[in-house]
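Enquirer: sharing a model that was predicted from the sequence below.
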Amino acid sequence: MPEVDRAAASRAAVAARRARAAVKEAVRAGERTAIDVAEAAWAAPEGPEAGMRVAELLGTLRGLGPKRVDDALEMLRISPVKRLGGLGHLQRDRLRSWLRAREGVAGRGRLVVLAGPTAVGKGTVAGYIREHHPDVLLSVSATTRAPRPGERDGVHYYFVDDAGFDALIDRGDLLEWATVHNASRYGTPRPPVEAALAAGRSVLLEIDLQGARQVRASMPEALLVFLQPPSWEELVRRLVGRGTESAEEQARRLETARVELAAQDEFDELVVNDDVRRAAQEVVDLLTVPSGAARPSGRAGSAR
Ligand SMILES: Nc1nc2c(ncn2[C@@H]2O[C@H](COP(=O)(O)OP(=O)(O)O)[C@@H](O)[C@H]2O)c(=O)[nH]1
Ligand SMILES: Nc1ncnc2c1ncn2[C@@H]1O[C@H](COP(=O)(O)OP(=O)(O)O)[C@@H](O)[C@H]1O
């Protein structure tokens with residue numbers, strides 16, 4: 001290549017890189033949605049968007065660290081080196097629907113999973129949301145454990161026996177289920193969740209880590225929120241203070257809690273439960289799909 005051409009090509013490459021950086025910045029700042037960028041890439045093969053790698057675009061989305069970007073690409077069957085402009089039709093379709101579900105479409109509800117270690121306050125925060133935000137559907141799980149005093153069937157849980165739980169599994173009526181604390185089985189009834197989402201209502205699932213992982217696999221558009229204790233000491237204080245478990249059971253739960261705390265990197269958002277009202281508000285903000293524009297970027301109140 002003659003010297004002048006080489007210089008021109010290198011200037012063009014620098015300009016293209018800058019243009020791609022500006023696109024990423026606009027997505028991060030919430031000025032453009034990732035879907036908008038992808039559609040622009042497919043409409044104009046010469047534009048800066050078409051030259052962006054899919055991995056770069058996904059990396060601008062809130063809550064998507066490098067590991068989650070790799071997972072998403074694998075699920076979408078898109079090579080990490082692919083550029084938006086180079087995607088085939090099927091890949092475009094998969095990416096489009098994934099981004100739509102993930103960024104939230106106004107008028108369609110959002111599915112949020114709230115998980116976290118034992119006694120961090122999941123039930124308390126979920127209860128606060130049930131009381132103050134009736135627009136959100138708080139999913140009622142089915143369980144084989146016995147009701148505690150004051151718990152009502154159909155409100156706190158659907159209490160079923162082993163055969164009843166087996167029947168729910170066999171009919172495909174559970175979105176996810178798990179045996180929790182090596183004791184009872186718990187599962188999320190599928191029909192109410194699907195009906196609420198289709199009707200534009202947001203849904204909150206308060207489930208354990210195994211269940212959260214299953215929801216991630218079957219509904220990748222779900223947002224996974226990990227509720228963190230302000231400190232380990234405070235977590236122990238809450239567990240002991242609640243007084244619902246024997247000393248032996250408390251020790252077993254704290255062992256599980258250590259494992260669960262180590263899994264928090266798998267989550268999209270971290271919310272510290274220092275104050276119930278504030279933590280609940282953060283979760284409610286995550287449940288809300290704004291009309292039209294992209295959600296603001298950055299991890300709202302996250303502790304990472
Ligand atoms: N996978 C899954 N876990 C659930 C479900 N419902 C409740 N859990 C979890 O089961 C665990 C035990 O709940 P519970 O018996 O109410 O006791 P506590 O929350 O530890 O007081 C908690 O970690 C819940 O998050 C569900 O539908 N699916
Ligand atoms: N932000 C908070 N500050 C202080 N105590 C809390 C807070 N959130 C929950 N708790 C208390 O901690 C204990 C465990 O809460 P709970 O909702 O039962 O936890 P989980 O459902 O995660 O097992 C309860 O006694 C509850 O009142």
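Expert: Good, I have the coordinates. Numbers count the residues shown, from 1 in each chain. Ligands and ions are numbered 1, 2, ... in the order given.
Enquirer: give me the contacts around the worst-scoring helix or strand of the chain on mean pLDDT.
Expert: Lowest on mean pLDDT, DSSP states H and E among the helices and strands of the chain sits helix 89-103, with a mean of 84. Contacts with helix 89-103, where a contact means Cβ atoms under 8 Å, 6 or more residues apart in numbering, come from 33-35, 38-39, 42, 54, 61, 72, 75-78, 82, 87, 220-221, 294-295. From N, CA and C alone the C-beta is placed, and that goes for glycine too.
Enquirer: quickly run through the sheet partners of the following helix or strand past that helix, with directions.
Expert: Downstream of helix 89-103, the next assigned helix or strand under DSSP states H and E is strand 111-115. When pairs are called by DSSP bridges, strand 111-115 turns out to pair with strand 203-206 (parallel), strand 223-228 (parallel).
Enquirer: ok, which of the ones you listed comes nearest residue 282?
Expert: strand 223-228 (8.4 Å; Cβ to Cβ).
Enquirer: report the central residue of the protein.
Expert: Nearest to the geometric centre of the chain sits residue 223, at 1.7 Å (Cα atoms, centre = their mean).
Enquirer: that residue bridge partners, please.
Expert: Here residue 223 sits in beta bridges with residue 112, going by DSSP bridges.
Enquirer: thinking it is in contact with residue 112, fair?
Expert: Yes: assessed by Cβ atoms under 8 Å, residue 223 is found in contact with residue 112 at 4.9 Å.
Enquirer: what residues does the stretch 101-250 of the chain put near ligand 2?
Expert: With Cβ under 6 Å from any ligand atom as the criterion, the stretch 101-250 of the chain meets ligand 2 at residues 118-124, 238, 241-242.
Enquirer: of all the residues you listed, which comes closest to residue 138?
Expert: Closest to residue 138, out of all of these and judged by Cβ to Cβ, is residue 123, at 10.5 Å.
Enquirer: secondary structure element for the closest one, which one?
Expert: Counting by DSSP H and E, residue 123 is part of helix 122-132.
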